[in-house]
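Engineer: coordinates for the following, if possible.
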Amino acid sequence: MRSPFLLCYYKAAGNSRVNQPGGLIKSGRKYLTIRKFSELTHTTVDTLKHYDEIGLLTPAYTGENKYRYYLPEQSLILTRILFGKHAGIPLKEIRSFIHSGHHTDAIQKYNEIINDLRAPGKETDAIVSTIDNLRYYYSLSEKHPPKTLFSLYLPEWFILFSEKSKIDAAHESSSSDIANNLFLEGFNGQKWPHYLLGALLPEENIKIRNFSETKYFLKIDTPQLHDKAKIRFVPNGEWLCMLFYSKGKGLSENLGFYLDTLEEEKQSVSGDIFIMDVVNSLITSNPDDYCTMIYALKERQNHEQF
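Structural biologist: Numbers count the residues shown, from 1 in each chain. Got it, this is the predicted structure:
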């Protein structure tokens, strides 16, 4: 199961298939070879084959030659597997954890993972940091009712962002693999990229309510490891937020509702609007439980711009 921002809604071009280095294009989607997928996720080919054999992580496509191919978003499932493995949880138990559709079960398991982590070091710290983020943003969905404005203080952070992408008007979501590839790029130099992957609506499009294009972003802790031209600093401050349960659809409608509410409550924001799933496939395997947060930096009274 995928998050709306990791789920590529597109009009499939039949069952056409085009081989290319490191993978193939099939029905408009980019599939990675098992070797390429292993390199990008710091996992061995033998490990991926074993996970396939025991039904833990099945390739998205198996060719006539028996070659295994993976979709980029399957790295999220692999992340959950590796979290449990580092905590010493048996693979059979991890399988139940992955396929559970109950988000409360996932949060409980993440709590157990943190408690069971023993060896100190960068990897353990990174796992704890990622799970803490998961639990924090999940808690927002429990504290705040949907379609209700609330404020939230967020510390400064760095993001890796993509080029602009057109939103498919028919499906009101992304029609490309840009978001998926951005997540994989987050693995560059760090084994556990943040799950904080989302989209942003450029500031220049907000006033004219042009929701037809967006950029994707991924929170990162190591900006020095990435192309400076694709890195952006996001300042700390008070953010005005709103949650939606929309199953990955109705993005334009939700953005319009958010902006209308800001006007009704006489609130002003500055900069881009961010869109991120606070409950996604790292929490639940049931897409009906996905929860999206739309948020923007509240404009400061002195109108200081960042």
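Engineer: show me where the stretch 201-306 of the chain has its strands.
Structural biologist: Here the stretch 201-306 of the chain has its strands, by DSSP state E, counting those that start in this stretch, at 213-220, 231-234, 237-244, 269-279, 291-298.
Engineer: show me where pLDDT drops low in the stretch 101-250 of the chain?
Structural biologist: For the stretch 101-250 of the chain, residues meeting the criterion pLDDT under 70 lie at 101-103, 118-123, 164-195, 247-249.
Engineer: same list, the strands of the stretch 201-306 of the chain, but as TSV with mean neighbour count please.
Structural biologist: All C-beta atoms are positioned from the backbone trio N, CA, C, and that covers glycine. Below are the strands of the stretch 201-306 of the chain laid out as TSV (neighbours: other C-beta atoms under 10 Å):
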stretch	mean neighbour count
strand 213-220	22
strand 231-234	15
strand 237-244	20
strand 269-279	22
strand 291-298	23
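Engineer: now the helix ranked longest in the chain: buried residues?
Structural biologist: When the chain is parsed with DSSP state H, its longest helix is helix 122-143. Neighbour-count burial for helix 122-143 flags Thr124, Ala126, Ile127, Thr130, Ile131, Asn133, Leu134, Tyr137, Tyr138, Leu140, Ser141 (criterion: 16 or more other C-beta atoms under 10 Å).
Engineer: got the contact list for Ile114?
Structural biologist: Ala87, Ile127, Val128, Ile131 (C-beta atoms under 8 Å, 6 or more residues apart in numbering).
Engineer: with distance to Lys230 added, can I get those in a markdown table?
Structural biologist: Shown next, in a markdown table, are those (distance: C-beta to C-beta, whole Å):
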| residue | distance to Lys230 |
| --- | --- |
| Ala87 | 33 |
| Ile127 | 25 |
| Val128 | 27 |
| Ile131 | 26 |
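Engineer: just give me the neighbour total for the closest residue to Pro59 other than its chain neighbours.
Structural biologist: Nearest residue to Pro59 in three dimensions, chain neighbours excluded: Arg68, at 3.9 Å (C-beta to C-beta, 6 or more residues apart in numbering). If you count neighbours by other C-beta atoms under 10 Å, Arg68 ends up with 20.
Engineer: end to end, how far does stretch 203-212 reach?
Structural biologist: With C-alpha to C-alpha, to the nearest Å as the measure, the ends of stretch 203-212 fall 13 Å from one another.
Engineer: do the same with stretch 53-61
Structural biologist: Start-to-end, stretch 53-61 (C-alpha to C-alpha) is 14 Å.
Engineer: hang on, the earlier thing: quick check, nearest of the buried residues of helix 122-143 to Trp239?
Structural biologist: Leu140 (11.2 Å; C-beta to C-beta).
Engineer: was I right about the closest one contacting Thr292?
Structural biologist: No - look at Leu140 against Thr292 with C-beta atoms under 8 Å: they stay out of range, at 11.2 Å.
Engineer: so what sits against both of those two?
Structural biologist: Counting by C-beta under 8 Å, 6+ apart, the residues touching both Leu140 and Thr292 are Leu243, Val278.
Engineer: distance to Leu32 for the strands of the stretch 201-306 of the chain - can I get that in TSV?
Structural biologist: Below are these laid out as TSV (distance: least, C-beta to C-beta, whole Å):
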stretch	distance to Leu32
strand 213-220	18
strand 231-234	25
strand 237-244	31
strand 269-279	23
strand 291-298	27
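Engineer: tell me which of the ones you listed lies nearest to Asp46.
Structural biologist: Taking C-beta to C-beta, strand 213-220 is the member of the strands of the stretch 201-306 of the chain nearest to Asp46, at 28.5 Å.
Engineer: what strands line up against the closest one, and which way round?
Structural biologist: Partners of strand 213-220 in the sheet, by DSSP bridges, are strand 157-161 (antiparallel), strand 165-168 (antiparallel), strand 197-201 (antiparallel).
Engineer: can I assume Asp45 is in contact with Ser38?
Structural biologist: Quick fix: residue 45 is Val, not Asp. Yes - Val45 lies in contact with Ser38 (C-beta under 8 Å); the separation is 4.9 Å.
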